[in-house]
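Student: let's see this in three dimensions:
(one chain, ligands or ions: 2)
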Amino acid sequence: MVMNVKGYAALAVKEDLVPHSFVRRDPREDDVVIDILYSGVCHSDIHNAYNDWGGAKYPMVPGHEIIGRVVHVGKSVTKFAVGDLAGVGCMVDSCQHCSACEQGLEQYCEEGNTLTYNDIDRHDGLPTFGGYSDKIVVTEKFVVKVPEGIDLRGAAPLLCAGITTWSPLRHWQVGEGSKVAVVGLGGLGHMAIKLANALGAEVTLFTRSPGKEADARRLGASHVVLSTDPEQMKASANQFDLIIDTVPYVHDLNPYLPTLALSGTLVLVGYLGALDPFLNTVPLILGRKSVAGSVIGGIAETQEMLDFCGQHGITADVEVINIQDINSAWQRMLKSDVKYRFVIDIASLK
Ligand code: NAP
Ligand code: ZN
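Tutor: Ligands and ions are numbered 1, 2, ... in the order given. Sure, this is the predicted structure:
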């Protein structure tokens, strides 16, 4: 069975995405084939297509916040049947036997997980292509169940923005009485506010954008601090058990460290690379504070997060777009002008 797929791809670095037809692999015994309904637009899609992280392979079909319906299941598939709703996030495979995989932390697979796009399938050596397309083929191990009744457009971003913020909230045991701060109100930031709030934390937003205060409060933040105002930063000293920093580009972490409480942690989920300026260790050492990092979440944890969102009625705030508008959507994201996640209606491809 040759599966012809329509999508949008970057054909070269920093070029606009264009319509692109390609072929998906024949489904294997453990594969499900998903007709994609909605695909979220993550800042990582831009980083990848612009080769900010190196290793970009073109044509690149981005997209790792995928919601759709199962249209075919392989012989050995047990979790899914034709007609089921299904979700796929940032990874589609891992080695399944290293210590990270055995703990259900496939995102930290010691052999490297297989990313949903811009990667190479570990079985057939063919490139992987993401969710800016009308179909995807994925082993059922990396497909999650989408709660019935959830708004599907708002659910798509849970597959990356949701799990990337959920995982540190759970790892650092955020709950009633916790004080959490979020740096940056974009796709990840707005999910971090919603999820931390639903877990019972008191939430503060650090933002460079004065215009985002009312939205932050509506999303669940009790306090908003303008990070460009040294007086407001000073007034936030010794507060937070956990700071989730979603800023995509290099920035100075030093102003945030004094706002951590004793033994608090600032976890980076946005910027990948060397820090500039250097970190001052004084507030770390004198307050037993940590700077940490975290990447997406495991498959079981992703299912836990989706079930939690289903129970609590949590979805992303989305602007639904046609795929023909993807290039202007990316330009708006680069200006931090999105409320708070673009989601592509894949019906627009047909
Ligand atoms: P986004 O929607 O573009 O939001 C980023 C927010 O950061 C902006 O809205 C803005 O908030 C703030 N910001 C942007 N540029 C800034 C700058 N130069 N200095 C300070 N603040 C800045 O992006 P996203 O989709 O949430 O993704 C955020 C980052 O997380 C990206 O780098 C992405 O690649 C990464 N990511 C990581 C993982 C992981 O597993 N660790 C998963 C997904 C995404 P304000 O206007 O409020 O300041
Ligand atoms: Zn993402």
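Student: so, low pLDDT: which residues of the stretch 201-350 of the chain?
Tutor: Regions of the stretch 201-350 of the chain meeting the criterion pLDDT under 70 are absent.
Student: pull up the residues of it that are close to ligand 1.
Tutor: 207-209, 212, 246-249, 251, 269-270, 294-296, 333, 336, 338 (Cβ under 6 Å from any ligand atom). (Glycine included, C-beta is placed from N, CA and C.)
Student: just the ones of those in helices?
Tutor: Among these, the members found in helices (DSSP state H) are residue 333.
Student: for PyMOL, what selects the buried ones among the residues of the stretch 201-350 of the chain next to ligand 1?
Tutor: In PyMOL syntax, the buried subset of those is picked out as below (16 or more other Cβ atoms under 10 Å):
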select buried, resi 207+209+212+246+247+248+251+269+270+294+295+296+333+338
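Student: spell out which residues of the stretch 101-250 of the chain are next to ligand 2.
Tutor: residue 160 (Cβ under 5 Å from the ion).
Student: can you tell me the residue of the stretch 101-250 of the chain closest to ligand 2?
Tutor: Here the stretch 101-250 of the chain gets closest to ligand 2 at one residue, residue 160, 3.2 Å apart by Cβ to the ion.
Student: residue contacts, residue 320?
Tutor: 38, 153, 342-345 (Cβ atoms under 8 Å, 6 or more residues apart in numbering).
Student: same thing but at 6 Å, please
Tutor: Going by Cβ atoms under 6 Å, 6 or more residues apart in numbering, residue 320 touches 153, 343, 345.
Student: that one pairs with what?
Tutor: residue 343 (DSSP bridges).
Student: about what we covered before: list only buried entries from the contacts of residue 320.
Tutor: Judged by 16+ other Cβ under 10 Å, buried ones among the contacts of residue 320: 153, 343.
Student: in which helix or strand does the closest residue to residue 257 other than its chain neighbours reside?
Tutor: Excluding the flanking residues, the one nearest residue 257 by Cβ to Cβ, 6 or more residues apart in numbering is residue 283, at 4.1 Å. Secondary structure assignment for residue 283, by DSSP states H and E: helix 282-287.
Student: just the buried residues of that helix, please?
Tutor: Neighbour-count burial for helix 282-287 [16+ other Cβ under 10 Å]: 283, 287.
Student: now stretch 256-274
Tutor: So, applying 16+ other Cβ under 10 Å, buried residues of stretch 256-274: 256-261, 264-271.
Student: and for stretch 167-176?
Tutor: Those would be 167-170, 172, 174, for stretch 167-176 by 16+ other Cβ under 10 Å.
Student: check stretch 50-57 too.
Tutor: Along stretch 50-57, these residues count as buried under the neighbour rule (16+ other Cβ under 10 Å): 51-52, 56.
Student: closest to ligand 1 among the contacts of residue 320?
Tutor: Comparing the contacts of residue 320 against ligand 1 with Cβ to the nearest ligand atom places residue 343 closest, at 12.1 Å.
Student: got a list of what the closest one touches?
Tutor: Residue 343 neighbours (Cβ under 6 Å, 6+ apart): 38, 40, 153, 156, 318, 320.
Student: and for residue 91?
Tutor: Applying Cβ under 6 Å, 6+ apart to residue 91 gives the contacts 113, 115.
Student: do that again at 8 Å, thanks
Tutor: 106-107, 113-116, 142, 296.
Student: next one: it from residue 15, what distance?
Tutor: According to Cβ to Cβ, to the nearest Å, residue 91 stands 26 Å off from residue 15.
Student: next one: the helix or strand harbouring residue 305 to chain centre, how far?
Tutor: Assigned by DSSP H and E, residue 305 belongs to helix 299-312. Taking Cα atoms, centre = their mean, to the nearest Å, one finds the center of helix 299-312 at 14 Å from the center of the full chain.
Student: which strand or helix spans residue 22?
Tutor: When elements are assigned from DSSP H and E, residue 22 belongs to strand 18-24.
Student: now do the helix or strand following that strand, average pLDDT.
Tutor: Using DSSP H and E, the next helix or strand after strand 18-24 towards the C-terminus is strand 31-41. Mean pLDDT, computed over strand 31-41, is 98.
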